[in-house]
Structures are given as C-alpha cells and as structure tokens.
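Colleague: could you work out the structure for the sequence below:
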Amino acid sequence: MKNITKLFIAACFISLSLPTFAQDCGGFYYITSNAGWTNSEYYKILDIDAATLTDATLPKFTAADGSKNAINTDFGSGTFKTPVMTTTDGIVYTPTNVLWPVHFYMAAFAPTMYTSAYSKVNVTGATPSGGGTTIACTLNDNSIKQSPIFGKAGFIELSRLPSAVLNTPPSLLGYVEIDNLPQVERIQWSYSATSWKRGVKCDINFNDGTGWKPQRWVASDYSAWEGTFAEQGYQFEEVIGKQDDPSSLVSIRIRPWDGDSIHFKVNANDLSLQAVTYTAKMTPYAQCQTVRVHQIRVFSNVIPTVAPSAVAQVNANHIKIYLSGRNIVLSEAAQVEIYSIEGSRIYKGYSNQIDASAYSKGIYIIKATDSEGKLQNKKIIL
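Modeller: The predicted model follows:
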C-alpha cells in the first residue's frame, strides 16, 4: 500500500531520529526530539488507545487524579480484545469484526486520566517535578517540556510491586503483550510515568524460537537519557521490517525497566562508555518503576482476517535453553539452577548465560524459572 513514497518515509524518520541535547546544571545530557510518530505506507491494523478501554470488567485505576499511582488492589490480569482496522484510501480507518487479543498482567486501566505532569499542572495545581526554584536549571519542568501526549487522556498503568515473598517468583511487575502479529512493518507506542527518571522496556519476539529480545529501553534513574522526562510522556517507533515476509509473526511486550545488565549505555555522553553495560542486575521480583502505556499502533503489509486465540501465548512463553560453544544460553534472564546427572546442584543464580567451560563432560539438568514463576527444564550434554 503506497500512500507516500518510501523515500519520503525515510527522510521523515531520519529527521525525527536526530538527537538533541539540553543543558543541565552539570553540562549536557541526551534527550530525544520526541516530535511524534512518522507516517507509514502500510496498513494500520491495530490502534489501541487507552482512552477507549472503558469496559467495566477491566481492572480499574481508582486514584483521584493521574499524578498518583494505582493502589495494590487495583491491578489485575487477563485479556481484552481490540478490533483489526481496515481502510480503502489509507486515510480513514474503520474497525472490522476481527478482534485481536491483548494480554495484560498486573495492570490497572485509567481511560479518563492524564499524564502525571498534566495532572499536576492542570488538575491539582501542584509545582511540576523539577520545576522548583531550587533546581531551576533542569528542563524537567512539566509546564515547559511538553510531549505530544502531555494532555492526552487514557493510560494503562503497569504494576511496580515487589514479589509477595522477597526475591521469589512470581514477579508482580506488570506488562502488556500482543502476540502473533503478521508481516509487521513498524510498531508505535507511547508511555509515561509518575516522576522523572522512570524507565520502561519494549521486548520483541520474532517467533523464531529464540524467545524475547530487548527492542528498546529507557533506563531508570539515569539522568543522561529519556527517563528524565518520562513524566511528560514519550512516543516511540520500532521499525520491524518484516512486511515482505509472509511467514513472519511478531509479538511485542511492554514492561517496567528492571535494571537488565545486558543492555548497553548507547546514549552515554562519553562515547567511550557506549559499549559498557549497566551495572545494575535484573531485579524482576523487586519493586521497580511506574510505567503507563497510552497507545499502541501496529502497521502491517496485510489486514488479518483471522485473529489468534486469546489464550495462545508466544511459544507458551517458554524460556529457550541451548548450548552456544561452552556457554549455556537462555532466551531471557531467569532464575537458573544446574544439576549434575547424579542430582548435585552445581550452580544457582539469575542470568541469561552461564559459562560452562569449567564443567566436566557429561549430562546436566537445567531448571529455569521465568518472571511469572513458570518452570522450564532442559537436559544438555557437554
């Protein structure tokens, strides 16, 4: 579908991807232009707007205004369905009767609430975060730095709660997940938080057996990146590029940043640090940051006529465990135990890769528990 040329698309994307720098008290730090989403020549098959999710059966956000967090009892898990969209001119879209399942875990729905920044300025009359006279040189002033979703109603708040029993599964960190999307060209999504430096993660699963992979991350408590302005909200765009692959299925999951140490500081001010991983370890069972999802849009080369089952999750969300050289590799970080064939435990830890070069040749049992408490067993031969 050719609404506008690919050349024009590329030019728009490049121009909106250029970094900008803002001055802080201590020098310069990186932020994005946050100029909004680009156009796409492909079909907008899904457009999930939290403002429209008014079904009374969905877990309800009960706080009085959007500057507060949901309370513990607000969160729930389940599935809602959103219509696949169709168009005849590429401009006006109408819903079809095909309903695509959207899975949510530990989420609270707030269709009438605004971002925390907007609520503080326009609803409660509070001083914006970072806008006080004592730290006036920071740009985290909600009344000055406004994103395209600053005054847009509707969000899904994801739980930031710690596990019920300290550092043990299941995780209570919430997420939103859409599975088995065909021939995806790009995915657009927006999020906000309730204070500055609040982080988010977007994971992608290409349904190729390798499991979930990090697509985008905004680190918490890292003042040199986008998390500084999370209270105002951000719009992100993931160019997937699978539109010409008829066998392609792609899934997306948005969740709180949990300090994943495999990510690189790609936006560090000092270029020499851009290949250095974050020092924080994965903490899927600890209390993390508030994440609010406002909108998700999916563009594809085809308009689906059949939706997957509401209960069909990507590969049952099973962790993939395999050997790569002398390393035991997992498709996502998990709580791992390794046992010898005689039953002796020789390793326990949280990781997505274990160096097995010191292990003797033989058969080993790998037990991996994911963030929801699901157990995966794997027998390997070294």
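
Colleague: what residues does the closest residue to residue 219 other than its chain neighbours make contact with?
Modeller: Setting aside the residues directly before and after it, residue 219 is nearest to residue 199 in space (Cβ to Cβ, 6 or more residues apart in numbering), at 5.0 Å. Heads up, the C-betas are built off the backbone N, CA and C, glycines and all. For residue 199, the contact set (Cβ atoms under 8 Å, 6 or more residues apart in numbering) comprises 217-222, 227, 230, 256-257, 288-289, 291.

Colleague: part of a helix, is residue 51?
Modeller: Yes - the assignment for residue 51 by DSSP: H, G, I helix; E, B strand; the rest coil puts it in a helix.

Colleague: what pLDDT does it get?
Modeller: Reported pLDDT at residue 51 in the predicted model: 98.

Colleague: now do the contacts for the residue nearest to residue 52 when sequence neighbours are not counted.
Modeller: Among residues not flanking residue 52 along the chain, residue 111 sits closest, at 6.9 Å (Cβ to Cβ, 6+ apart). With contact taken as Cβ under 8 Å, 6+ apart, residue 111 is in contact with 50-54, 153-154.

Colleague: same deal with residue 305?
Modeller: residue 98.

Colleague: low-confidence ranges, the stretch 251-382 of the chain, go.
Modeller: Counting by pLDDT under 70, the stretch 251-382 of the chain contains low-confidence ranges at 260-281, 310-317.

Colleague: quick one: the residue nearest to residue 219 from residue 104, how far?
Modeller: 19 Å (Cβ to Cβ, to the nearest Å).

Colleague: swap in residue 258?
Modeller: Counting by Cβ to Cβ, the separation of residue 258 from residue 104 is 17 Å.

Colleague: all helices for this structure, in order.
Modeller: In the chain, the segments counted as helices under DSSP state H are 6-17, 116-118.

Colleague: lowest average pLDDT across these?
Modeller: helix 6-17 has the lowest average pLDDT among the helices of the chain, namely a mean of 34.

Colleague: hang on, the earlier thing: mind giving me the ChimeraX command for buried ones among the contacts of residue 199?
Modeller: The ChimeraX command for the buried members of the contacts of residue 199 (criterion: 16 or more other Cβ atoms under 10 Å) is given here:
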select :217,218,219,220,222,227,230,256,257,288,289,291
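
Colleague: so of the contacts of residue 199, which ones are in strands?
Modeller: Residues from the contacts of residue 199 lying in strands, with DSSP state E as the criterion: 217-218, 256, 291.

Colleague: of all those residues, which comes closest to residue 345?
Modeller: Among those, residue 256 lies closest to residue 345 (Cβ to Cβ), at 30.7 Å.

Colleague: perfect, I'm done here.
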